[in-house]
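Enquirer: Quick one, what's the 3D model for this:
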Amino acid sequence: MSRKKRKAPPPEEPGSSGTSLGGLLGSLGLTASATPAEAPAPAASGPRDAAKVVVRKERKGRGGKTVTVIAGLGDPKARAKALGKVLGTGARVEGDTVVVQGELVERVATWLEQQGVKRIVRG
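Expert: Residues are numbered from 1 along each chain as shown. Below you'll find the predicted structure:
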């Protein structure tokens, strides 16, 4: 069974009174710009980390698979996403720790140093 492709609706002109964002803004007397507004620059220090960050490998309770566990990070959800992208592996948050798939203690520690983490303990 094949699926039919839907055609995209034609774009509305700026300032028209449609249901698009531009139409809604036009009805309020505002205009939508073609370029997005610049986001504010992130803080120089980044997320607050604990006094020390512990990076260690574990295998217990994981079906024999080796993972790298990082404890003591501030904002672990954002750090897990960034680590997964940078290292090209899976990363998730378990409680207040970040778990990265594979034995990547040195690579994670190097990345954290580049991010400005002062005290890293390899365990």
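
Enquirer: Confirm G84 sits in a helix?
Expert: Yes. Counting by DSSP: H, G, I helix; E, B strand; the rest coil, G84 falls inside a helix.

Enquirer: Just give the closest residue to it, not the sequence neighbours.
Expert: Nearest residue to G84, sequence neighbours excluded (C-beta to C-beta, 6 or more residues apart in numbering): A91, at 3.7 Å. No exception for glycine: its C-beta is placed from N, CA and C like everyone else's.

Enquirer: contacting residues around the one residue sitting closest to the centre of the chain?
Expert: Centrality entry for the chain: nearest residue to the mean C-alpha point is K81, 3.9 Å, by C-alpha atoms, centre = their mean. Counting by C-beta atoms under 8 Å, 6 or more residues apart in numbering, K81 touches A91.

Enquirer: any idea how far V108 is from it?
Expert: 14 Å (C-beta to C-beta, to the nearest Å).

Enquirer: what do you get for K60?
Expert: For K60 relative to V108 (C-beta to C-beta), the value is 19 Å.

Enquirer: Check R62 too.
Expert: For R62, the distance to V108 equals 17 Å [C-beta to C-beta].

Enquirer: Please identify which of these two sits among more neighbours.
Expert: Higher neighbour count among R62 and V108: V108, with 26 against 11, using other C-beta atoms under 10 Å.

Enquirer: A helix includes the more buried one, no?
Expert: Yes. Assessed with three-state DSSP, V108 lies in a helix.

Enquirer: Hmm, it is touching V53, no?
Expert: No. V108 lies out of contact with V53 (C-beta atoms under 8 Å); the separation is 9.5 Å.
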